[in-house]
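Student: Here's my sequence, what's the structure:
(chains A and B, ligands or ions: 2)
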Amino acid sequence: MPQEVTKQYKEIMSKYLESQSEEDLYVGQQFSRRFIEKDIAPEDVISIHKSALFELHPNLRKQVWDSLDFLIEMMIHYGLTMREHQSLVRKQEAIQMEMNVATKVQDTLLKTVEPDAEGLDVGWISQPAHQMNGDYIYFLNQENASSVAVADVIGKGIPAALCMSMIKFGMDGLQNENSSPDNVLGIINRIVEKSVDDSMFISMFYGKYNSITSTFSYASAGHEPALHFSSGTSAFTELDARGLLLGVKKEAIYDEHSVVLEEGDFVVMMTDGVTESRTENGFIEMSAIKSLLAEKKDESAQEIADYVYSELSRMQDYQLSDDFTIVIFKKKTV
Amino acid sequence: MNLGSSVEIITEWDIVAARQLGRNEAKQVGFGTVDQARITTAISELARNIYLYAGKGKIEIERISEAGLVGIKIIASDEGPGIPDLRKVMEDGFTTSGGLGAGMPGVKRLMDEFKVISEVGEGTTIITTKWLH
Ligand SMILES: Nc1ncnc2c1ncn2[C@@H]1O[C@H](COP(=O)(O)OP(=O)(O)OP(=O)(O)O)[C@@H](O)[C@H]1O
Ligand SMILES: [Mg+2]
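Tutor: Residues are numbered from 1 along each chain as shown, chains lettered A, B, ... in the order given. Ligands and ions are numbered 1, 2, ... in the order given. Purely as a prediction, here's the structure:
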């Protein structure tokens, strides 16, 4: 045991035994941090106390010394718990560091291109609730068309994040294929069905904008419906299409629909982290989300997306309960 | 020098006897109150494991000296079921008591040296030593 600590403890305690003043208690408590700093276990603290007391008052009754021995025995498990705790904290720090690296790897691995279709203004935001994102956006550019896949792996965190890379490589393989939405979901479904654990499901919305016909065609694998804002009527229409979650059934069929976008129209694709935003008073109504979108209808797609995100996260006291992703395709006004 | 004695562990009371023997030996070696309590706790945990998981076994306690150092060596042995996943058992936070800081990792912390030999179906032997510093 560090002699120095014992000596100082004795001095501080002796002062307190004379004065019983708040000041000496304060000094003592400040000193107690030294015990923690020096990793002195609680049973050793009591032992230090016992030696100090013995030096100051050797003639106390036997029961006092016996009771201190009893207390030492009582503290052994506390001491062990403290050490175990320290070791678990160190382990956790190591895991945290690995997670930081994993997040960086995820970001690099899942980088996607910028959409570039003529006349199309695109905005998006994707924020994980925890460290790793279970939502995923993938853009695909082809001649006269830009497409987007918005995916949400059901289940959070690391397993979800690992799953993303599979979708990404599945999509990368599509560059030269027929990229009609129903066909894309069919292909990705077969990949997911083959390679993913039975307990893992993915919802996905796939939208494709054709810049020649101004048509937005889409298909959905059990995903949140998208919203179409019409600048002519200032009204929203839900864009939904029938289709099973990815990975459920090999032969799943996906319906495809389409809508023509007028100037100033926009389509909002989301994950359930947006539509199921929660405050203390329950879910945030879809109508509230629509009003947020409508307020910014004349802004750029990115400004609309950022605005909805900042408002909804403010309403939730900046604590997302789920990964949050919005993608907006807006037809530019000339 | 090799002074030793042992306690058969069959009932829960034998755990107390092993503790008593360990504390006396530790005192004889010259350990202070806190280390006596630590050594006794280690014996207690090992004896309890024998009682709970192997049914019966033995705790041997030896006073040892080596290269001018003196210490105490505890050998806990049984012919019980053995421990299938030693690595897991030695992980913090694994004990069935759940984070009460004891168990085998606790014994390892309380002592200076710790070694387990366990064969499924044959039994378990744990040898652990603490030196007087
Ligand atoms: N002598 C033994 N024979 C067979 N299995 C054992 C033996 N000792 C320990 N084990 C196994 O190893 C596990 C971990 O033992 P350990 O003493 O670390 O924790 P515990 O006994 O489960 O809980 P605690 O000791 O904290 O109350 C036990 O649950 C038991 O399965
Ligand atoms: Mg145990």
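
Student: okay, CA-based contacts and neighbour counts for the rest of this
Tutor: Will do.

Student: All the helices of chain A, in order from the start?
Tutor: With DSSP state H applied, chain A shows helices at A:3-19, A:22-37, A:42-56, A:62-109, A:157-172, A:181-195, A:272-275, A:286-295, A:301-315, listed in chain order.

Student: Next: chain B.
Tutor: Under the criterion DSSP H, chain B carries helices at the ranges B:12-29, B:33-49, B:86-89, B:103-110.

Student: Need the winner for burial among those helices.
Tutor: Using mean count of other CA atoms under 10 Å in any protein chain shown, the stretch among the helices of chain B with the largest mean neighbour count is helix B:33-49, at a mean of 23.

Student: now it, how far from the chain's geometric center?
Tutor: A distance of 7 Å separates the centroid of the chain from that of helix B:33-49, by CA atoms, centre = their mean, to the nearest Å.

Student: For the closest residue to A:Ser321 other than its chain neighbours, give me its contacts.
Tutor: What sits nearest to A:Ser321 in space, not counting adjacent residues and going by CA to CA, 6 or more residues apart in numbering or on different chains, is A:Ala129, at 6.0 Å. By CA atoms under 8 Å, 6 or more residues apart in numbering or on different chains, A:Ala129 lies in contact with A:319-324.

Student: go with 7 Å
Tutor: Listed by CA atoms under 7 Å, 6 or more residues apart in numbering or on different chains, the contact set of A:Ala129 reads A:320-323.

Student: quick one on the thing from earlier: any chance of the helices of chain B in a markdown table, plus mean pLDDT?
Tutor: Below are those laid out as a markdown table (pLDDT from 0 to 100):
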| stretch | mean pLDDT |
| --- | --- |
| helix B:12-29 | 97 |
| helix B:33-49 | 96 |
| helix B:86-89 | 88 |
| helix B:103-110 | 92 |
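
Student: burial of B:Glu113, as a residue count?
Tutor: Counted by other CA atoms under 10 Å in any protein chain shown, the residues lying close to B:Glu113 total 14.

Student: Get me the contact residues on chain A for chain B.
Tutor: Contact residues (CA under 7 Å from any CA of the partner chain) of chain A with chain B: A:43-44, A:47, A:72-73, A:76-77, A:80-81, A:84.

Student: would you turn these into CSV with distance to ligand 2 and neighbour count?
Tutor: Shown next, in CSV, are those (distance: CA to the ion, whole Å; neighbours: other CA atoms under 10 Å in any protein chain shown):
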residue, distance to ligand 2, neighbour count
A:Glu43, 21, 26
A:Asp44, 24, 20
A:Ser47, 26, 21
A:Ile72, 21, 23
A:Glu73, 18, 20
A:Ile76, 15, 23
A:His77, 13, 19
A:Leu80, 14, 25
A:Thr81, 14, 19
A:Glu84, 15, 22
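
Student: got the residues of chain B near ligand 2?
Tutor: B:49, B:103 (CA under 5 Å from the ion).

Student: So which residues of the stretch 151-300 of chain A form strands?
Tutor: Counting by DSSP state E, counting those that start in this stretch, the segments of the stretch 151-300 of chain A that form strands are A:201-210, A:215-221, A:226-230, A:235-239, A:257-260, A:266-270, A:278-279, A:282-283.

Student: low pLDDT regions in the stretch 1-150 of chain A?
Tutor: Residue ranges of the stretch 1-150 of chain A with pLDDT under 70: A:1-2.

Student: Quick check, the residue in it closest to chain B?
Tutor: A:Thr81 (3.9 Å; CA to the nearest CA).

Student: and that residue, how far is that from A:Lys38?
Tutor: Per CA to CA, to the nearest Å, A:Thr81 is found 17 Å from A:Lys38.

Student: Run through the residues that contact residue 75.
Tutor: This is for chain A. The contact partners of A:Met75, by CA under 7 Å, 6+ apart, come to A:42-43.

Student: oops, I was thinking of chain B
Tutor: B:59-61, B:125-128.

Student: and the gap between it and B:Gln28?
Tutor: B:Ile75 sits 18 Å away from B:Gln28, going by CA to CA.

Student: Now A:Trp124. Nearest residue, chain neighbours left out?
Tutor: Closest residue in space to A:Trp124, ignoring its immediate chain neighbours: A:Val327 at 4.3 Å, by CA to CA, 6+ apart.

Student: Neighbours of A:Lys91, how many?
Tutor: For A:Lys91, using other CA under 10 Å, the count is 12.

Student: whoops, I mixed them up, A:Ile191
Tutor: Applying other CA under 10 Å, we find 18 residues neighbouring A:Ile191.

Student: I'd like to know how far the residue nearest to A:Ser321 sits from ligand 1.
Tutor: Separation of A:Ala129 from ligand 1 (CA to the nearest ligand atom, to the nearest Å) stands at 35 Å.

Student: per-residue confidence for the residue of the stretch 201-334 of chain A found nearest chain B?
Tutor: Nearest residue of the stretch 201-334 of chain A to chain B: A:Ser321, at 28.3 Å (CA to the nearest CA). pLDDT for A:Ser321: 82.

Student: Angles on the backbone of it, please.
Tutor: Dihedral angles of A:Ser321 (phi, psi; degrees, to the nearest 10) stand at phi -90, psi -10.

Student: Skipping adjacent residues, who's closest to A:Asp272 in space?
Tutor: Excluding the flanking residues, the one nearest A:Asp272 by CA to CA, 6+ apart is A:Glu224, at 6.5 Å.

Student: Which single residue in chain B comes nearest to ligand 1?
Tutor: The minimum distance from chain B to ligand 1, using CA to the nearest ligand atom, falls at B:Gly103 (3.3 Å).

Student: Could you export stretch A:288-308 as CSV, CA atoms only?
Tutor: What follows is stretch A:288-308, C-alpha atoms only, in CSV (Å, rounded to 0.1, in the frame of the first residue of the first chain):
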residue,chain,number,x,y,z
ALA,A,288,-47.8,17.5,-40.4
ILE,A,289,-45.1,16.1,-42.6
LYS,A,290,-47.1,17.2,-45.7
SER,A,291,-47.4,20.7,-44.4
LEU,A,292,-43.7,20.9,-43.8
LEU,A,293,-43.1,19.8,-47.4
ALA,A,294,-45.6,22.2,-48.8
GLU,A,295,-44.1,25.1,-46.9
LYS,A,296,-40.9,24.8,-48.9
LYS,A,297,-42.5,23.7,-52.2
ASP,A,298,-40.8,26.5,-54.1
GLU,A,299,-37.3,25.8,-52.7
SER,A,300,-34.7,23.4,-54.1
ALA,A,301,-35.1,19.6,-53.4
GLN,A,302,-32.2,19.7,-51.0
GLU,A,303,-33.6,22.6,-49.1
ILE,A,304,-37.0,20.8,-48.7
ALA,A,305,-35.2,17.7,-47.5
ASP,A,306,-33.0,19.6,-45.0
TYR,A,307,-36.0,21.5,-43.7
VAL,A,308,-38.1,18.4,-43.0
